[in-house]
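Peer 1: fold the following, please.
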Amino acid sequence: MDTETIIISFSYLGIFGLMISNGFISFPSSQVLYIIAGYFVFKGDLSLAAVIAVGTLGNTIGNIILYEVARGKGLAYLTKFQIFREKEIKKVEAVFRKKGAWFLAIGKLVPALKVFIPIPAGLAKMNRGLYGIIVLITSAIWSLPFLAIGYYFGKSSRVFGRYAVVMILIAFVVMAVFYKFMQSEEVVAEIEK
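Peer 2: Take a look at the predicted model:
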């Protein structure tokens, strides 16, 4: 079943379930889901407020599950896959201990980063309450532009492609800032203690 069929068949419950999945495993695409839902809001089949509410709640729950998995499994679990060096993972943890709220808030609004951002937050054992509040707010904000695209331009996800280049550039800028802070003397000194 594709995203549109699930929304047609299960309405708000379908959106809720799909967004839990999106928050945990980044599938299906929240952008496409919200564009399709925006179209159904335009047609009068769905309520804008209800779509925002169930989508936000679903994505927040999925992100909390991912955060808890990363928090529970910890550094040892990630380093056993040998994808990233332990020193680099420790730097990410240190960055999140120092500036985690800012990076979480920005990262949740950037397509290339939003799917991974709960992992370093969990590894750094970011305060659960603060994490939940930021994820809830940013998940609601995230839905708005894509619902607007669906509402004004229809359910074709091709419209999203026009804005992809800008979003990729923003993602690179945010990643560059994060990387620069990760390499700063302040972070390096903390992990070498």
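
Peer 1: okay, buried residues for the helix ranked longest in the chain please.
Peer 2: The longest helix of the chain (DSSP state H) is helix 48-79. Burial within helix 48-79, assessed by neighbour count using 16 or more other C-beta atoms under 10 Å, is assigned to 48, 51-64, 66-67, 70-71, 78-79. All C-beta spots, glycine's among them, are computed from the backbone N, C-alpha and C.

Peer 1: chain center to that helix: distance?
Peer 2: Chain-centre distance of helix 48-79: 8 Å, with C-alpha atoms, centre = their mean, to the nearest Å.

Peer 1: repeat that for stretch 93-106.
Peer 2: With C-alpha atoms, centre = their mean, you get 14 Å for stretch 93-106.

Peer 1: most centrally placed residue in this protein?
Peer 2: Centroid check for the chain by C-alpha atoms, centre = their mean gives Lys114 as the closest residue, at 3.1 Å.

Peer 1: residues in contact with that residue?
Peer 2: Counting by C-beta atoms under 8 Å, 6 or more residues apart in numbering, Lys114 touches 107-108, 142.

Peer 1: could you list which of these belong to helices?
Peer 2: In helices, judged by DSSP H, the following of those are found: 107, 142.

Peer 1: just among the contacts of Lys114, which is most surrounded?
Peer 2: Counting neighbours by other C-beta atoms under 10 Å, the top entry in the contacts of Lys114 is Gly107, with 24 neighbours.

Peer 1: tell me the spacing between the closest residue to Ala70 other than its chain neighbours and Leu109.
Peer 2: Nearest residue to Ala70 in three dimensions, chain neighbours excluded: Gly122, at 2.9 Å (C-beta to C-beta, 6 or more residues apart in numbering). Going from Gly122 to Leu109 by C-beta to C-beta, to the nearest Å gives 19 Å.

Peer 1: ok, those two, which is more surrounded?
Peer 2: Higher neighbour count among Gly122 and Leu109: Gly122, with 24 against 19, using other C-beta under 10 Å.

Peer 1: where does that one sit: helix, strand or coil?
Peer 2: Gly122 falls in the helix class when you classify it by DSSP: H, G, I helix; E, B strand; the rest coil.

Peer 1: so who does it touch?
Peer 2: 66-72.

Peer 1: how about a cut-off of 6 Å?
Peer 2: 67, 70-71 (C-beta atoms under 6 Å, 6 or more residues apart in numbering).

Peer 1: which stretches of this protein have low pLDDT?
Peer 2: 75-92, 112, 156-171, 174-175, 178-179, 181-183, 186-193 (pLDDT under 70).

Peer 1: stretch 104-117: end-to-end distance?
Peer 2: 6 Å (C-alpha to C-alpha, to the nearest Å).
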